[in-house]
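Q: turn this into a model:
(one chain, ligands or ions: 3)
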Amino acid sequence: MLKAMREAAPLVQCITNYVAMNMAANVLLAAGASPAMVHTEEEAGEFAALAAALTINIGTLSPAWIAGMKSAAHGATKAGKPWVLDPVAHFATAFRRKAVSDLLELHPAVIRGNASEIITLAGGQASGRGVDSGDPVERAEDAARRLAASQGAVVAVTGPVDFVTDGDRGARISGGSPLMPRVTALGCSLTALMGAFAAIAPDHPFEATVAALATFATAGEAAGHEADGPGSFAVRFLDALHSFHSDTLEAEGRITLI
Ligand SMILES: Nc1ncnc2c1ncn2[C@@H]1O[C@H](COP(=O)(O)OP(=O)(O)O)[C@@H](O)[C@H]1O
Ligand SMILES: Cc1ncsc1CCOP(=O)(O)O
Ligand SMILES: [Mg+2]
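A: Numbering: from 1, shown residues only. Ligands and ions are numbered 1, 2, ... in the order given. Down below sits the predicted model:
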């Protein structure tokens, strides 16, 4: 899938937050995809038909952005393109809760969040307060399965070991680096990369999501060995994604199917 993604270099429409825009675009370029940050209502729906996939992240919301997100999600669905939802801190305010509940009705193919975000999205109580998780991934696994079944979507929970489910199958992906949660917008950038993989396998969102997470984890682990701290990690991580070979993923990717 990594090879196919690079050969296709899919155009991915990313509606993401002000914090993440630059990092997410760089992550997609380094991995071999083509990002376009297009969020205004006037053009987001039209653009979704041109792109191979859409990703929506609610990190820095405003009413105008929500209108653009809805228009893009409608456009993607109408054009038969997969879209990925990142419900950043959706539990924090009523405004965010309503935005996410409206977006869920537009049927994302894949949902990615940290453990606190996925637990609360499935109706549970979590310890997170803002954009960072306060809960372990293991606590979110049942919630992820329930959410996947009720939404008819693939759900990914990220953290030290990631978990992915389509409600039936499950997979855990190990790797990464403890420096990853010390660099902002890496989760948002992962969501963008998940769009690139979903684009090349729209009928296999579970496999596409596992491939995206394994690419991120394996490149992240390599970068972590070289980095002195969060600043140099961010640079090393982009280099690792760029020079990353699919043979390395075969040899070093740690995926457990459950
Ligand atoms: N302690 C950790 N060790 C290894 N990888 C991690 C760790 N925490 C997060 N990651 C990785 O960082 C990336 C972003 O995940 P996460 O921090 O959960 O998202 P968010 O930024 O949305 O909270 C994922 O690829 C995840 O696997
Ligand atoms: C800090 C911050 N505030 C609003 S969005 C955002 C970025 C969150 O990025 P991530 O979820 O990838 O850590
Ligand atoms: Mg996040």
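Q: tell me the spacing between whichever residue of the stretch 1-150 of the chain sits closest to ligand 3 and D247.
A: Relative to ligand 3, the nearest point of the stretch 1-150 of the chain is V88 (4.7 Å; C-beta to the ion). All C-beta spots, glycine's among them, are computed from the backbone N, C-alpha and C. According to C-beta to C-beta, to the nearest Å, V88 and D247 sit 34 Å apart.
Q: now swap in L179 and tell me
A: From L179 to D247 the distance is 25 Å (C-beta to C-beta).
Q: comparing the two, which residue is more hemmed in?
A: The neighbour count for L179 versus D247, taken as other C-beta atoms under 10 Å, is higher for L179 (21 against 9).
Q: please name the nearest non-neighbouring residue to that one.
A: In this structure, L179 finds its nearest non-sequential neighbour in F233, 4.3 Å apart by C-beta to C-beta, 6 or more residues apart in numbering.
Q: hang on, isn't that neighbour packed against E221?
A: No. Applying C-beta atoms under 8 Å, one finds F233 not in contact with E221, separated by 11.3 Å.
Q: list residues touching both of those two?
A: The contact sets of F233 and E221 overlap at S177 (C-beta atoms under 8 Å, 6 or more residues apart in numbering).
Q: comparing these two, which residue is more hemmed in?
A: More neighbours surround F233 than the other of F233 and E221, with 23 against 18 (other C-beta under 10 Å).
Q: which SSE is that one in?
A: Taking DSSP states H and E as the criterion, F233 maps to helix 230-243.
Q: now do the helix or strand that that helix is followed by: which elements does it pack against?
A: Going down the chain from helix 230-243, the next helix or strand is helix 246-252, by DSSP H and E. Applying 3 or more C-beta pairs under 8 Å, 6 or more residues apart in numbering; DSSP states H and E, we find helix 246-252 packed against helix 2-8, helix 205-226.
Q: next, the buried residues of the first one.
A: Judged by neighbour count (16 or more other C-beta atoms under 10 Å), helix 2-8 contains these buried residues: L2, M5, R6.
Q: right, I'll leave it there.
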